[in-house]
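Novice: turn this into a model:
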Amino acid sequence: MRQFSEKLAEILGPIANKFSSNRYLAAIRDGFITVMPLVIIASFFVLINNVVLDSTNGLLGNLGNFDTYKDIGVSVYNGTLGFLSIFLAFGVAYKLANHYDMDGIGTGFVGVASTVALMPGAITVGGETVGAFSSTFTSPTGLFVAIIASILSTELLRLFQKSNALKISMPDSVPPTVSKSFNLLIPATFTLTIFGLISFLTIKFTGIDVYEIITNVIQTPIKAVFQGLPGIIIVVILQGLLWSFGLHGAFVLSPITEPTLLTAIDENIKALEANQVIPNIVTKPFLDVFVNMGGVGMTIGLVIALLIFSRKESDRAISKLAFAPACFNINEPLMFGLPVVLNPIYTLPLVIVPVICLVIAYLATSAGIIAKTVVMVPWTTPPVISAFLATGGDWKAAVLAILLIVLSVILYMPFVIAANKMKDEY
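Specialist: I've put the predicted structure just below:
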């Protein structure tokens, strides 16, 4: 059985590694990692506004009306999540430029300019058209456009910079920084002209803007897949399978999952602020707090099951070392120390246990038993506490998290007992 796992890893491993190391996907992934602190900061203020300050449901509601102080959190939101697409456009272009040894900062600015060039420059307010950019385009709703624009602009800039005819020769006495800036001038002009033409021609011949086209063609179908139970089950299964071969499943799939899951939590936040019905069940914090407790695979359950049921001293020693990291959803010590990776005994539960927890949490949320996630808590927040915070202070969500941990221990238990009966070499 172990030989089969190793053979399968030899086949699938290079494919997953190639996917993970793709320069475009790597730039997207690294760009998201860079902007993630801003997402968490915004969600922290959303939590304060709606759980603490809100005059109707807040903890301080009985002490007076503190709604006016919510403007502080709104300002922070506008400066973080409200401009997330712009920040990501810079980050993706910057990371991709570094891959090509281009000027990262200059390329990042061109990526931002290209993204903005695709935005409609007018909105209707009170029946009057005014020159302005809608937050719909600058917030996570515009992430797909930002990703596409930043990648295409970087490639165009790189193509134009290859031509010596487009370079501006400067005297040797000119500082290198200034020379580099002027060398960017003509390629950037050509690049932005192309994006301006794309925006103009798209509206002229279709009557709709680039954002609406990409939303209808790409973003909406992907969101529909992720918000449906079958689609998100496939994602969770893939994460577990990749981890069973020693590949960080969430990390590998993040360029595909992050745009949609962050857009979903942003839509929930906006609905909460507007006192509207929360639209989305599946968000990034939903998976973090109900499906990935202890790390991908609900491995908090495996750690506890090992401590209770394992008779192998080596396994118990590893589980004791892995317990503290698991409390912060870090499972590498367990995955590689036990090991779980390439271990046929634990491959099945690593995939099945999180799927079962996902289905239960999804159905509980869909039925209205627990609240939908509205706060982007850091993924390292300890289990149970994270469920309480992510749902805006719903104690029933914390209880569900406890029950899911207990269930995961029960589900991992037979495999731990089976491992007790086998030799150290599986």
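Novice: need the contact list for Leu84.
Specialist: For Leu84, the contact set (CB atoms under 8 Å, 6 or more residues apart in numbering) comprises 35, 38-39, 138-140, 143, 262, 266. Any C-beta I mention is one placed from the backbone N, CA and C, and that applies to glycine too.
Novice: looking at these, which one is closest to Val375?
Specialist: Closest to Val375 out of the contacts of Leu84 is Val39 (10.4 Å), distances taken as CB to CB.
Novice: just the element for the residue minimising distance to the centre of the chain, please.
Specialist: Nearest to the geometric centre of the chain sits Glu258, at 3.1 Å (CA atoms, centre = their mean). If you go by DSSP states H and E, Glu258 is part of helix 249-273.
Novice: local confidence estimate at Gly126?
Specialist: Listed pLDDT for Gly126 reads 61.
Novice: same deal with Thr177?
Specialist: What the model reports for Thr177 is a pLDDT of 69.
Novice: would you agree Cys393 is in contact with Val51?
Specialist: Quick fix: residue 393 is Gly, not Cys. Yes. Gly393 lies in contact with Val51 (CB atoms under 8 Å); the separation is 4.6 Å.
Novice: the residue nearest to the centre of the chain touches Lys284, doesn't it?
Specialist: Yes. With contact defined as CB under 8 Å, Glu258 reaches Lys284; the gap is 7.3 Å.
Novice: what's the nearest residue to the residue nearest to the centre of the chain if we skip its chain neighbours?
Specialist: Using CB to CB, 6 or more residues apart in numbering and skipping the chain neighbours, the partner closest in space to Glu258 is Phe32 (4.7 Å).
Novice: output the contacting helices and strands for the helix or strand where Ile213 lies.
Specialist: Under the criterion of DSSP H and E, Ile213 resides in helix 210-214. Applying 3 or more CB pairs under 8 Å, 6 or more residues apart in numbering; DSSP states H and E, one finds that helix 210-214 contacts helix 143-161, helix 185-206.
Novice: swap the cut-off to 10 Å and go again
Specialist: Contact here means 3 or more CB pairs under 10 Å, 6 or more residues apart in numbering; DSSP states H and E; on that basis helix 210-214 packs against helix 135-138, helix 143-161, helix 185-206.
Novice: contact partners of the longest one?
Specialist: Contacting residues not belonging to helix 185-206 are listed as 106-107, 109-111, 113-121, 149, 152-163, 165-168, 181, 184, 208-213 [CB atoms under 10 Å, 6 or more residues apart in numbering].
Novice: how is Ile281 assigned, secondary-structure-wise?
Specialist: Under DSSP: H, G, I helix; E, B strand; the rest coil, Ile281 falls in the coil class.
Novice: cool, Val296 as well?
Specialist: coil.
Novice: and for it, the neighbour number?
Specialist: Close neighbours of Val296, defined as other CB atoms under 10 Å, add up to 23.
Novice: that one and Leu287 touch, don't they?
Specialist: Yes. Counting by CB atoms under 10 Å, Val296 does reach Leu287; the two are 9.3 Å apart.
Novice: residues shared between the contacts of the two?
Specialist: Looking at what touches both Val296 and Leu287 (by CB under 10 Å, 6+ apart), the common residues are 236, 239, 250, 354.
Novice: what helix or strand is the second one located in?
Specialist: This means Gln239. Using DSSP H and E, Gln239 maps to helix 229-244.
Novice: same deal with the last one?
Specialist: Pro354 is located in helix 344-366, with elements delineated by DSSP H and E.
Novice: where does pLDDT dip in the stretch 301-426 of the chain?
Specialist: Applying pLDDT under 70 to the stretch 301-426 of the chain picks out residues 423-426.
Novice: now do 50
Specialist: Along the stretch 301-426 of the chain, segments meeting pLDDT under 50 span 425-426.
Novice: right, and the helix or strand after the helix holding Glu258?
Specialist: Downstream of helix 249-273, the first helix or strand assigned by DSSP H and E is helix 284-290.
Novice: after that following helix, next one along is what?
Specialist: Sequence order places helix 299-309 as the next helix or strand after helix 284-290, per DSSP H and E.
Novice: which strands and helices sit next to the helix or strand following that following helix?
Specialist: Counting by DSSP H and E, the next helix or strand C-terminal to helix 299-309 is helix 313-326. Here helix 313-326 touches helix 299-309, helix 332-337, helix 395-420, going by 3+ CB pairs under 10 Å, 6+ apart.
Novice: Ser134: which of those helices is closest?
Specialist: Using CB to CB, the nearest of those to Ser134 is helix 395-420, at 32.8 Å.
Novice: buried ones in that closest one, by neighbour count?
Specialist: Going by neighbour count (16 or more other CB atoms under 10 Å), the buried part of helix 395-420 is 397-398, 400-401, 404-405, 407-409, 411-413, 415-416, 419.
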